[in-house]
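In: with the input below, show me the fold.
(one chain, ligands or ions: 1)
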Amino acid sequence: MIAGAGIGGLTAALALAAKGFRAVIIEKAEKLEEAGAGIQLSPNASRILIELGLEPLLAPHAIALDAVSMMSAPSGRELTRIPLGDAARFRYGAPYWIVHRADLQAALLAKVNDNPDIELRLGLQFDDVASHVKGVTVVQRKDMAREPETALALIGADGLWSSVRNHLFPDVRPSFSGRIAWRGIIEASQVPRDFREKRVQLWMGRNAHLVAYPISGGRRVNLVAIVEGEWNRPGWSEPGNAAEIKAYFDAPKWPVPARLMVAAVESWRRWALYSIKDGGVWTKDNENVALLGDAAHAMLPFMAQGAGMAIEDAAVIAHCLAQSPGDVAGAFARYAGQRRARVARVQRAARMTGQIYHLGGPFAAARDLGIRWIGGAQLLARQDWIYDQRLG
Ligand SMILES: Cc1cc2nc3c(=O)[nH]c(=O)nc-3n(C[C@H](O)[C@H](O)[C@H](O)COP(=O)(O)OP(=O)(O)OC[C@H]3O[C@@H](n4cnc5c(N)ncnc54)[C@H](O)[C@@H]3O)c2cc1C
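Out: Okay, here's the model as predicted:
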């Protein structure tokens, strides 16, 4: 049984079914909806999705990126271009894709609905779980009605504010990073032609950065603006006020194309960025319950790896369970052992990357010199440990 039908939960169901298990997903939402935003799927993640048979469903909607352009906000100049495209596909054996989240979800959902070994139950919330010799009893809730059901194991893929994590590790709480992500979409016709290429454009400025890339077959551009800020309200996502974000990206600190893009967005949504402690939390001794994705290890998005790590988790947990279906707690302990160090390294890299992007003054000048000196090809090689992960 899997709690949560996000990218992690849906992929876990597919990975488990591919290993011969039957999976039931319970999802508290009545209808599956993804934020109207794009997502980067680096080769470590796209490889797994391709192995699960998703390429025919995803490739028509995905854009295989040619490069990442790193730019200094104050000068507006490109510091270097990290080659992706055929170079990445050749190097890592899988593409670096960008997809609209709704397209990724639709592809996963189509594959799930097509699989007789997977049952997706919408409008049902995980409420409680108890481990015992036969596996677990999971209590599901709809309104006031509670329904217990026995399963071999429970996987908590229920996101940042996970109830399954709360049950296993009540003391572990997500911590606010002091950063807020604003997301918006614009029509590609609103930006200059060279900003419509199959590139991620990353502008680094003092205390803020801006990321833009094409989605929906290049018809639209996805914008993510990261700024520093306070967050005292409950929940973690809400509509954003366009005038507020425009004030962060003003002249002369930000170049014309960046300001143009920020000004063109009509409807913003903003996310407070939280993370779980480095290395995450996974399972407990003798429990047939494990966590996966943001529930286990929510991280800052600056390496674009949150969903990538959830997808890797899904492949590894299915592999470990298939190795010892009669010893679920042992399988989950091995899963945690295989994931912890890698995820901790990605979390640390994401945090450090965010700090480097937001440098100002002489530190920013030193960073820019360093990026130029290292160059795009070497910067790509430095990501091998993430992108070249091949899970057995
Ligand atoms: C600004 C930003 C940009 C990002 N960009 C990237 C990127 O480019 N690449 C990348 O790899 N990652 C990126 N990420 C991270 C990525 O979005 C997340 O890591 C990923 O979506 C997490 O997936 P998940 O399935 O673990 O959790 P979620 O997507 O949060 O899914 C959890 C599901 O569980 C359900 N649920 C919750 N509670 C219960 C319950 N009690 N019972 C039943 N169901 C429940 C929820 O309704 C939800 O459907 C980004 C994140 C942000 C904020």
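In: is the ligand contacted by the helix ranked longest in the chain?
Out: Using DSSP state H to define each element, the chain has its longest helix at helix 328-357. No. Applying Cβ under 6 Å from any ligand atom, one finds helix 328-357 separated from the ligand by no less than 9.8 Å. Using the backbone N, CA and C atoms, a C-beta is placed for each residue, glycine as well.
In: from the contact counts, what lies against the next helix or strand after that helix?
Out: Scanning forward in sequence from helix 328-357 by DSSP states H and E, the next helix or strand is helix 361-374. Using 3 or more Cβ pairs under 8 Å, 6 or more residues apart in numbering; DSSP states H and E, the elements in contact with helix 361-374 are strand 67-72, strand 78-83.
In: got the CA positions of the last one in CSV?
Out: Yep, that's strand 78-83 we're talking about. Listed in CSV are the C-alpha atoms of strand 78-83, where the atom choice follows Å, rounded to 0.1, in the frame of the first residue of the first chain:
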residue,chain,number,x,y,z
GLU,A,78,26.5,34.5,-20.2
LEU,A,79,29.3,33.1,-18.1
THR,A,80,29.3,29.7,-19.5
ARG,A,81,27.0,27.2,-21.3
ILE,A,82,26.8,23.6,-19.9
PRO,A,83,26.2,21.3,-22.8
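In: for Gly8, which residues are in contact?
Out: Going by Cβ atoms under 8 Å, 6 or more residues apart in numbering, Gly8 touches Ala157, Leu292, Gly293, Asp294, Ala295, Ala307, Ala310, Ile311, Asp313, Ala314.
In: which secondary structure state is assigned to it?
Out: For Gly8, the assignment made with DSSP: H, G, I helix; E, B strand; the rest coil gives helix.
In: the lowest-mean-pLDDT helix or strand in the chain near the ligand at all?
Out: For the chain, counting by mean pLDDT, DSSP states H and E, strand 237-240 ranks last in confidence among helices and strands (a mean of 84). No. With Cβ under 6 Å from any ligand atom as the criterion, the ligand is not reached by strand 237-240; the gap is at least 8.3 Å.
In: put the alpha carbons of the helix or strand following that strand into CSV.
Out: Downstream of strand 237-240, the next assigned helix or strand under DSSP H and E is helix 242-248. Extracted in CSV, the C-alpha atoms of helix 242-248 (Å, rounded to 0.1, in the frame of the first residue of the first chain):
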residue,chain,number,x,y,z
ALA,A,242,3.0,40.3,-9.2
ALA,A,243,4.1,43.8,-8.0
GLU,A,244,5.9,42.3,-5.1
ILE,A,245,8.1,40.0,-7.2
LYS,A,246,8.7,42.7,-9.8
ALA,A,247,10.3,44.8,-7.1
TYR,A,248,12.9,42.2,-6.5
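In: flag every buried residue along helix 242-248.
Out: Within helix 242-248, the residues scored as buried using 16 or more other Cβ atoms under 10 Å are Ala242, Ile245, Tyr248.
In: coming back round to it: in the longest helix of the chain, what's buried?
Out: Going by 16+ other Cβ under 10 Å, helix 328-357 has these buried residues: 328-329, 331-336, 338-340, 342-344, 346-347, 349-351, 353-354, 356-357.
In: now do that helix: distance to the chain's middle.
Out: Relative to its chain's centre, helix 328-357 lies at 13 Å (Cα atoms, centre = their mean, to the nearest Å).
In: now do it against strand 67-72, angle only.
Out: 50 degrees (axes from the mean of the first three to the mean of the last three Cα atoms, to 10 degrees).
In: between helix 328-357 and helix 361-374, how many degrees?
Out: Put simply, helix 328-357 runs at 110 degrees to helix 361-374, going by the same axes, to 10 degrees.
In: could you list every helix and strand in contact with helix 328-357?
Out: strand 175-187, strand 199-205, strand 289-291, helix 294-297, helix 306-323, helix 384-387.
In: so which of the ones you listed is nearest the ligand?
Out: The ligand sits nearest to helix 306-323 of all these, at 2.3 Å, using Cβ to the nearest ligand atom.
In: so what's the closest residue to the ligand within the stretch 151-300 of the chain up against?
Out: In the stretch 151-300 of the chain, the residue that lies nearest the ligand is Gly293 (2.3 Å; Cβ to the nearest ligand atom). Gly293 makes contact with 4, 6-9, 157, 159, 306-307, 309-310, 313-314 under the criterion Cβ under 8 Å, 6+ apart.
In: among those, which are within reach of the ligand?
Out: Gly4, Gly6, Ile7, Gly8, Gly9, Ala157, Gly159, Gly306, Ala307, Ala310.
In: show the buried residues in those residues.
Out: Gly4, Gly6, Ile7, Gly8, Gly9, Ala157, Gly159, Gly306, Ala307, Ala310.
In: now do the contacts for the last one.
Out: Residues in contact with Ala310, defined by Cβ under 8 Å, 6+ apart, are Gly6, Ile7, Gly8, Thr11, Ala157, Leu292, Gly293, Asp294.
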